[in-house]
Every structure is written in structure tokens, then in C-alpha cells.
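A.B. asks: Next come a sequence and a model predicted from it.
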Amino acid sequence: MILLTTTGARTGRQHRVTLGVLDIDGRLVVVASAMGSPKHPAWYHNIRHNPLVTVETEDETFEAMAAIAPDRDALFAKIVEREPGFAQYQARTTRILPVVELHRLDRVRRMGDWLTEVHDWMRTELKELRGRLDAGGSLEFRSRCLGFCTALTRHHTGEDMAIFPQLAARFPALAPTLTKLGEEHVVVARMQEEIQRLVEEEGDPARLRTEFDRLASLLEGHFSYEEQAVVKALNALMPAPDVG
Ligand SMILES: [Fe+2]
Ligand SMILES: [Fe+2]
């Protein structure tokens, strides 16, 4: 048994319930069974609005991110094997009993921190490039600027295709923010194309500086907003990729 504290979706107040928790293959899971009643329990609504929760066990208290389990059916089958009572709860209701996984935040595996490191590298690179632009766009500036654009495109493609869809599926509260971040990626991509064109054509240097500054300030806001929104969730969910 654990005490789970969530934040009320409507009230914003702390909401504490006692729940049975199961350890399934090292994963901490709870079932929103409400003993088979027709409605989801309040705590389940709450975690869909705010996934950050506190878990109290007999001997410790820790923060966790409550995520919708991606492999719900397989997990539920294992839960029923262990605790057949859940099959009875399921039989009492037409709703599919949600399975929620509690990811401890004190045992992070650092995908979120890795994202911040990538952003920091890009922040430094933007400053460096801006300095070189003032000194007059050399050949070195061109190749470095194009290299930066390639890295940025790859980063945003990874977020759009892999990271954001996983986060949205498991933390519904993040979905609107992720949509907004994805829209910013589209704006960034358009600005990048324009900059790449200006660099390759060796066109108007003043225009290039203006466009570059616009991109840099947009990215600054984008990185901070993204970090605020997703770092905790990513730390809870994913290991940092195994790259240098
Ligand atoms: Fe992004
Ligand atoms: Fe990013």
C-alpha cells in the first residue's frame, strides 16, 4: 500500500489516497480501478492534468511522475495473475481500467538533462556564430553556420518524431504545450532555410545579421520554454541516448 498525493485538476488542492501498488518487473504500477465503479477515480483525472505526484510508502517518501502505461494490456494481464481481484473489478465496469506507472524522480535516467546539454551546446554555438558574423562572414563561418543548421534540424526532427509523441501519450497534461513547441519548430525551420539561402548566396550581410538575430532570439525562448515543460518528464521516462 502507498499514499499517493496528486494535485486536484479543478481545485488545485492536494489530494491524498491510499492505493495498492504492484512491482511488475521492477516497474511501480497502480490501477485506477475504483473497485470497478463506472467512473475513473479522482486521482486518475488529476494525474492527467498534472503528472507530478508524491508517493509515501512505509519507509520512504519520494516524488514521481505518473504516466499512462504504454503497454497497458500486457501489464494488466500480469497484474491480474498476481492479484486476481482486479479481474473482478474489470468485470464490473465497461470502462477499461487504466494502468498508471509511477516513475521515481530521484532515480532519473537523464534524457531531460541530456536535452538541456544539447540546448546549451546550441546556445554557445549561436553566440560564437554571432561573433563571427560581426567580424565579417568568412568561409569558416559559412561551413559552421550550415553545420549548426543541420544539427538543429536533426534535433527538432528527433523531438517531433520520437520524443514528443511518447511524452504526449504518457503525460496528457503536456499535450497542448508539445503542440505549441512543434509549431515553433516549423517557424524555426522556415527561418533556417532563409538563413541558409543568404549564407550560400553570400547576399546582403545586413539582412543576414537581422535574420540570424531573429532566429537566435526565437531559439532562446524556445529552448527555455521546452526545458521548463519537458525536462522532468523526460528524466522520468527515458535514458539519455548512448552518444558521445
Ligand atoms: Fe524543440
Ligand atoms: Fe529541443
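C.D. replies: Everything's here; your move. Ligands and ions are numbered 1, 2, ... in the order given.

A.B. asks: Tell me the helix or strand right after the strand ranked longest in the chain.
C.D. replies: If you go by DSSP state E, the chain has its longest strand at strand 61-68. Sequence order places helix 72-82 as the next helix or strand after strand 61-68, per DSSP states H and E.

A.B. asks: before we move on, the earlier item: can you list contacts of the longest strand of the chain?
C.D. replies: By CB atoms under 8 Å, 6 or more residues apart in numbering, the residues outside strand 61-68 that reach it are 4, 6, 28, 47-48, 51-55, 98-106, 169-172, 232-233, 236-237. Just so you know, the C-beta spots here come from the backbone N, C-alpha and C atoms, and that holds for glycine as well.

A.B. asks: Any residues of this protein in contact with ligand 1? List them.
C.D. replies: Glu159, Glu226 (CB under 5 Å from the ion).

A.B. asks: per the record, what domains does the chain have?
C.D. replies: 2-104, 111-237 (automatic domain parsing).

A.B. asks: among those, which gets the worst mean confidence?
C.D. replies: Among the domains of the chain, domain 111-237 carries the lowest mean pLDDT, a mean of 90.

A.B. asks: What are the boundaries of the strands in the chain?
C.D. replies: Counting by DSSP E, the strands of the chain are 2-7, 14-19, 22-24, 27-31, 52-56, 61-68, 99-104.

A.B. asks: Determine the set of other helices and strands touching whichever helix in the chain runs longest.
C.D. replies: Longest helix of the chain, by residue count under DSSP state H: helix 205-237. Judged by 3 or more CB pairs under 8 Å, 6 or more residues apart in numbering; DSSP states H and E, helix 205-237 is in contact with strand 61-68, strand 99-104, helix 111-134, helix 164-170, helix 175-201.

A.B. asks: is it possible to export those to JSON lines including distance to Phe76 and mean neighbour count?
C.D. replies: Putting the helices and strands packed on helix 205-237 into JSON lines (distance: least, CB to CB, whole Å; neighbours: other CB atoms under 10 Å) gives the following:
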{"stretch": "strand 61-68", "distance to Phe76": "12", "mean neighbour count": "19"}
{"stretch": "strand 99-104", "distance to Phe76": "6", "mean neighbour count": "22"}
{"stretch": "helix 111-134", "distance to Phe76": "26", "mean neighbour count": "15"}
{"stretch": "helix 164-170", "distance to Phe76": "16", "mean neighbour count": "18"}
{"stretch": "helix 175-201", "distance to Phe76": "24", "mean neighbour count": "15"}
